[in-house]
Each structure stands twice: as structure tokens, then as C-alpha cells.
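S.K.: Provided below for reference: sequence and predicted model.
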Amino acid sequence: MLSNIKLISERLEKPLFSAVHILERLKLFNEANLNHQASLKAKASQEIQVFLPGDQKPFNGLSWQIRPLDILKQMKGNRSNEIIAAKVKYFNSDQSVEDDYQLYDLSRPLEGNCEIEFLSFQDNLGKKVTFLKFYQVTYNLW
């Protein structure tokens, strides 16, 4: 028990991350982000419709450009400070909704005609998304 306390106290005296480590990680992130943005711009955009559950009026936009956050900002009673993720179901070619849904970050561009549902921390799935994001961030820092 005392050896564990000694290890923890030694660990706390040293900085967890050096400035060099943080700068290297930031450089890698910026390079990856630039490559990702360039690949999104290279994709062909087409007019898409995004539906909300129980709403007949679609939101129109361009594929690979419109994001769940853009739709959230256009909605009446904007709750953007509560929403943490989106649940997206894409339509098949015959306009029927696929059985599976995908979890989307609010900044991820939509790829085609779909139905979207927004998740907050009050939803069980929203809590899972939050904890998963936290885990990914802390894991990537190490």
C-alpha cells in the first residue's frame, strides 16, 4: 500500500505531459485535419433532404457539407447547448429507412438523405457517447 502511495506521489510531482509532447501531438492533429478537410472538398456534393422523427418538412442541404449542427441551428427552440451527438439513419435507394443507425458527432458532414435524431446527456445513448468521447480523448493524450 505504501509503495502505491509513493508511486502516485512521485507521478504527481512530475508533469504528465511535456510541452514538446503536446506540440508534437498538435502538429499531427493539424496535419490529419488538413488531409481530412481536403478529402471532404474533393467529394461530389448533391442535394439531400434531412428529416427529423415525426416531422414531414425536410431540411435541405448538400451532401458532404451540411452537418447535424447546421440543422440544429435552423430548428425552432434551438437547444444546441444541450445536444451532444446525433443518431442518423440513412435511406436506401428505394427511400426506405435502413434498420441501423449511426452515431455522428455534430460536426461530421452528412452523406445522403437521412433521418436524424439529436441526443442529449439525458438520453442513455447520449451518456454513452459522452463517456466514449472522454475515453478517446484521454487515451489519445497518452
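M.R.: Looks like it came in fine. Numbering: from 1, shown residues only.

S.K.: Bridged to the closest residue to residue 51 other than its chain neighbours, which residues?
M.R.: Closest residue in space to residue 51, ignoring its immediate chain neighbours: residue 115 at 4.7 Å, by C-beta to C-beta, 6 or more residues apart in numbering. From N, CA and C alone the C-beta is placed, and that goes for glycine too. On the basis of DSSP bridges, residue 115 is bridged to residue 51, residue 89.

S.K.: my guess is residue 115 contacts residue 49, does it?
M.R.: No. Using C-beta atoms under 8 Å, residue 115 makes no contact with residue 49, being 9.7 Å away.

S.K.: Where do the helices of this protein begin and end?
M.R.: Taking DSSP state H, the helices of the chain run over residues 2-13, 19-42, 68-74, 124-141.

S.K.: Return the member of the ones you listed having the minimum mean pLDDT.
M.R.: Lowest mean pLDDT of those: helix 2-13, a mean of 57.

S.K.: ok, the residue nearest the centre of the chain to residue 83 distance?
M.R.: The residue lying closest to the centre of the chain (C-alpha atoms, centre = their mean) is residue 105, at 1.7 Å. With distances taken as C-beta to C-beta, to the nearest Å, residue 105 is found 11 Å from residue 83.

S.K.: Residue 124 too?
M.R.: Distance from residue 124 to residue 83, by C-beta to C-beta: 15 Å.

S.K.: Cool, thanks, talk later.
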